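# pasted the sequence and its predicted model underneath.
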Amino acid sequence: MEKDPSFLFSGIHFNKKKFSNDFAKFQEKKGSDINKSEEPREDSSFIESGKSEEKEGKLSVKKRKRKSVGSGETVQGFDVFKSSKSAGKSVDRIRCCRRVKGKDLNGNSASSDLFNQVCYYLGKSPGFGCEPYLLRNLKELGFKEPTPIQRQAIPILLSGRDCFACAPTGSGKTLAFACPMLMKLKHASTDGIRAVILCPTRELAAQTTRECKKLAKGKKFRIKLMTKQLVGKADLSKLPCDILISTPLRLRLAIRKKKINLSRVEYLVLDESDKLFELGMLKQIDSVVKACSNPSIIQSLFSATLPDSVEELARTRMHDAVRVIIGRKNTASELIKQKLVFAGSEEGKLLALHQSFAKSLNPPILIFVQSKERAKELYGELAYDKIRVDVIHSDLSQLQRDNVVDDFRAGKTWVLIATDVIARGVDFKGVNCVINYDFPDSYNAYIHRIGRTGRAGRTGEAITFYTEADLPFLRNIANSMKSSGCEVPSWIMALPKLKWKKHRPRRDSISTQSKD
Ligand SMILES: Nc1ncnc2c1ncn2[C@@H]1O[C@H](COP(=O)(O)OP(=O)(O)OP(=O)(O)O)[C@@H](O)[C@H]1O
């Protein structure tokens, strides 16, 4: 069900208490008027907010506070203030507070085409022109107005600042980095690779490649996905490619074999960045960042979850970065109705699943389990039911994985059983329900798994089964539910909150056959 256009603001909370000063400022401006202005004003705060803060670097903290709170200067839609943690480093924080309205290029009212409006502002500053092909493609894709993350991140990246951004799942982060990338690159060239996008999984890399191609339709940009075959090629230095999309491992392999030249890369994106900064991928990321040696490179990090530890790590690798947080950091979209179900035992889970399918089946449904072995077991159980079920895990070949994903997208598969290989970033339109058959192994995994539903303004449901083994971690999930507006029994809220390391308990195998 589409919610138009308020969906664009799903997941946004403005903490009135914490930001009371800023809130007061917005209240004062009530009724005043961005909308009524004759012409859309050039919104310099969009682009230069961070830089003007920098200039103020010498002001005392008190003065800076006074200036930003009491001056009555124009603030449109967000509040910019220095991160206290980052004293001495140029990292700004932008918190999206409310909707900006205005007129589009033709002077029509705000709701018609805000993309035009954003681009109009940008077009006024030299070098930021949005070409007609991009506007046309956005229109063809049905995107009428930018989502909050797009509204904030696009101008920042276009202004040449590094950016790390955290916004809810399904809120349009891909476009937020792909749009400015195409605008920055302007035209295809034979200069070699000029933009690199890193994604943690092959599925996500393939999806991002497709999205970039759709956006670039009508231009001759060469957009390439780093495949196994490509890595195997003798010489990639002459690869006709403007934009390269890859997993870190494949790109690192190409770098190590000295097959690829990334010294001209102007634009680097780390998508699902917290996953990329996990221990296993950190070395690979570092070697890519090192190989992208162009001093004027623009780097950006995007994710729906951005733990503080990752931010700290990112700051050591990014300078002059603007930090954009849409809504509350690390929470699920409000469009997802989250439920916890006590299943008692492993057998209980299977029973609960069968019963709920027998009662009502509202596909497409995604079921997450904790390992490929369990994915195969559950598939074995459900395959006998008269539902179209399929399974995806890392034991399948790339071609098999692609086919499974395509069938689910096309509606041929109703129920897809999956491991965490597709928990992040993969955009299935209209998944009605996500079932965490096995409790997720971390809080972030929970947010990303359930984020496969409730995307782009649609509502969705997320059901999480738990057993005794999962009880210690229930409270952590309950917190996310509460902050997304879902009901949580008070006894769960009273449970102690534990530090959540990887939680993968040994579970009995999935089978209807009695163990005896
Ligand atoms: N401005 C827009 N208006 C309407 N729909 C949009 C807009 N921008 C993106 N979308 C759609 O929203 C959906 C989610 O976008 P996207 O996959 O970029 O989300 P995301 O924030 O990266 O999610 P995740 O955190 O799960 O990776 C896509 O189907 C995309 O086509």
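The structure has been received and is ready for your questions.
# who's in contact with Gly380?
Residues counted as contacts of Gly380 (CB atoms under 8 Å, 6 or more residues apart in numbering) are Ile510. All C-beta spots, glycine's among them, are computed from the backbone N, C-alpha and C.
# hang on, it in a helix?
Yes: applying DSSP: H, G, I helix; E, B strand; the rest coil, one finds Gly380 inside a helix.
# which parts of the stretch 1-150 of the chain sit against the ligand?
Applying CB under 6 Å from any ligand atom, one finds that the stretch 1-150 of the chain approaches the ligand through 143, 146-147, 150.
# inside helices: which ones of these?
Secondary structure assignment by DSSP state H places Gln150 of those in helices.
# could I get the residues of the stretch 1-150 of the chain next to the ligand as JSON lines with neighbour count and pLDDT?
Output for these, formatted as JSON lines (neighbours: other CB atoms under 10 Å; pLDDT from 0 to 100):
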{"residue": "Phe143", "neighbour count": "19", "pLDDT": "87"}
{"residue": "Pro146", "neighbour count": "23", "pLDDT": "86"}
{"residue": "Thr147", "neighbour count": "26", "pLDDT": "89"}
{"residue": "Gln150", "neighbour count": "28", "pLDDT": "91"}
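# closest to Lys219 among the residues of the stretch 1-150 of the chain next to the ligand?
Nearest to Lys219 among these, counting by CB to CB, is Phe143 at 17.4 Å.
# and the contacts of stretch 404-419?
With CB under 8 Å, 6+ apart as the test, stretch 404-419 has contacts from 203, 357, 361, 363-372, 375, 378-379, 382, 387-394, 396, 422, 426, 428-429, 437.
# name the residues of it that come out as buried.
The neighbour-count check on stretch 404-419 (16 or more other CB atoms under 10 Å) flags 404-405, 408-409, 413-419 as buried.
# and the contacts of stretch 404-419, which of them are buried?
For those, a neighbour count by 16+ other CB under 10 Å gives the buried set as 203, 357, 363-372, 375, 378-379, 382, 388-393, 396, 422, 426, 428, 437.
# now Lys184: phi and psi?
phi -70, psi -40 (degrees, to the nearest 10).
# of the buried residues of stretch 404-419, closest to Val265?
Nearest to Val265 out of the buried residues of stretch 404-419 is Val405 (CB to CB; 28.6 Å).
# now do the contacts for Val269.
The contact partners of Val269, by CB under 8 Å, 6+ apart, come to 177, 181, 195-198, 299-302.
# interface residues of the stretch 151-300 of the chain facing the ligand?
Within the stretch 151-300 of the chain, the positions adjacent to the ligand are 167, 169-175 by CB under 6 Å from any ligand atom.
# sitting in strands, which of the contacts of stretch 404-419 do you find?
365-368, 389-392 (DSSP state E).
# of those, closest to the ligand?
Of all these, the one with the least separation from the ligand (CB to the nearest ligand atom) is Leu366, at 12.4 Å.
# now Glu311: how far from the ligand?
Distance, Glu311 to the ligand, by CB to the nearest ligand atom, to the nearest Å: 17 Å.
# could you look up the SS state of that residue?
Secondary structure for Glu311, judged by three-state DSSP, is helix.
# please, which helix or strand holds the nearest residue to it once chain neighbours are set aside?
Closest residue in space to Glu311, ignoring its immediate chain neighbours: Phe164 at 6.9 Å, by CB to CB, 6 or more residues apart in numbering. Phe164 belongs to strand 162-166 when elements are defined using DSSP states H and E.
# where in the protein is the helix or strand with the lowest mean pLDDT?
Lowest by mean pLDDT, DSSP states H and E among the helices and strands of the chain is strand 78-82, with a mean of 25.
# in the stretch 251-400 of the chain, what residue spans correspond to strands?
Shown for the stretch 251-400 of the chain, the strands assigned by DSSP state E, counting those that start in this stretch span residues 267-271, 298-303, 321-325, 336-344, 365-368, 389-392.
# please convert these to TSV, extending it with mean pLDDT.
Shown next, in TSV, are the strands of the stretch 251-400 of the chain (pLDDT from 0 to 100):
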stretch	mean pLDDT
strand 267-271	96
strand 298-303	95
strand 321-325	92
strand 336-344	92
strand 365-368	97
strand 389-392	96
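# and these as CSV, adding distance to Gly454?
As requested, the strands of the stretch 251-400 of the chain are exported to CSV (distance: least, CB to CB, whole Å):
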stretch, distance to Gly454
strand 267-271, 19
strand 298-303, 17
strand 321-325, 19
strand 336-344, 4
strand 365-368, 12
strand 389-392, 21
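# by how many degrees do the strand holding Phe164 and strand 267-271 diverge?
20 degrees (axes from the mean of the first three to the mean of the last three CA atoms, to 10 degrees).
# so which elements touch strand 162-166?
Contacts defined by 3 or more CB pairs under 8 Å, 6 or more residues apart in numbering; DSSP states H and E place strand 162-166 against helix 148-158, strand 298-303, strand 321-325.
# which of the ones you listed sits closest to Leu282?
With CB to CB as the criterion, Leu282 lies closest to strand 298-303 of the helices and strands packed on strand 162-166, at 13.4 Å.
# any idea of the angle that closest one forms with helix 148-158?
If you take the same axes, to 10 degrees, strand 298-303 sits at 160 degrees to helix 148-158.
# dump strand 298-303 to PDB, keeping only the CA atoms.
Output in PDB follows, covering the C-alpha atoms of strand 298-303 (Å, rounded to 0.1, in the frame of the first residue of the first chain):
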ATOM      1  CA  ILE A 298      35.000  12.300  -2.700                       C
ATOM      2  CA  GLN A 299      34.300   9.500  -0.300                       C
ATOM      3  CA  SER A 300      31.000   8.500   1.200                       C
ATOM      4  CA  LEU A 301      29.600   5.900   3.500                       C
ATOM      5  CA  PHE A 302      25.900   4.800   3.500                       C
ATOM      6  CA  SER A 303      24.100   2.400   5.800                       C
END
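# identify the farthest-apart pair in the residues of the stretch 151-300 of the chain next to the ligand.
Greatest spatial distance in these: Thr169 and Leu175, 14.3 Å, computed using CB to CB.
# give me the more crowded residue out of those two.
Neighbour totals were compared for Thr169 and Leu175, and Thr169 leads with 25 against 22 (other CB atoms under 10 Å).
# okay, and the more buried one sits in which element?
Residue-wise, Thr169 maps onto no helix or strand under DSSP H and E.
# find the nearest non-adjacent residue to it, please.
Computed as CB to CB, 6+ apart, the closest residue to Thr169 that is not its neighbour in sequence is Gly451, at 2.5 Å.
# quick one, phi/psi of that neighbour?
According to degrees, to the nearest 10, Gly451 has phi -70, psi 0.
# pLDDT value on it, please?
On pLDDT, Gly451 comes in at 95.
# begin at 31 from here
That works, and once the first residue is 31, the last one we named lands at Gly481.
# re the thing from before, the ligand: which of the contacts of Val299 is nearest?
Comparing the contacts of Val299 against the ligand with CB to the nearest ligand atom places Phe332 closest, at 7.0 Å.
# tally of neighbours for the closest one?
Number of residues near Phe332 (other CB under 10 Å) recorded here: 25.
# and what of Lys320?
Burial of Lys320 is recorded as 11 neighbouring residues (other CB under 10 Å).
# same thing with the one 5 residues further on?
Residues lying near Pro325 (other CB under 10 Å) number 4.
# ditto for Pro270
Residues near Pro270, counting by other CB under 10 Å, number 10.
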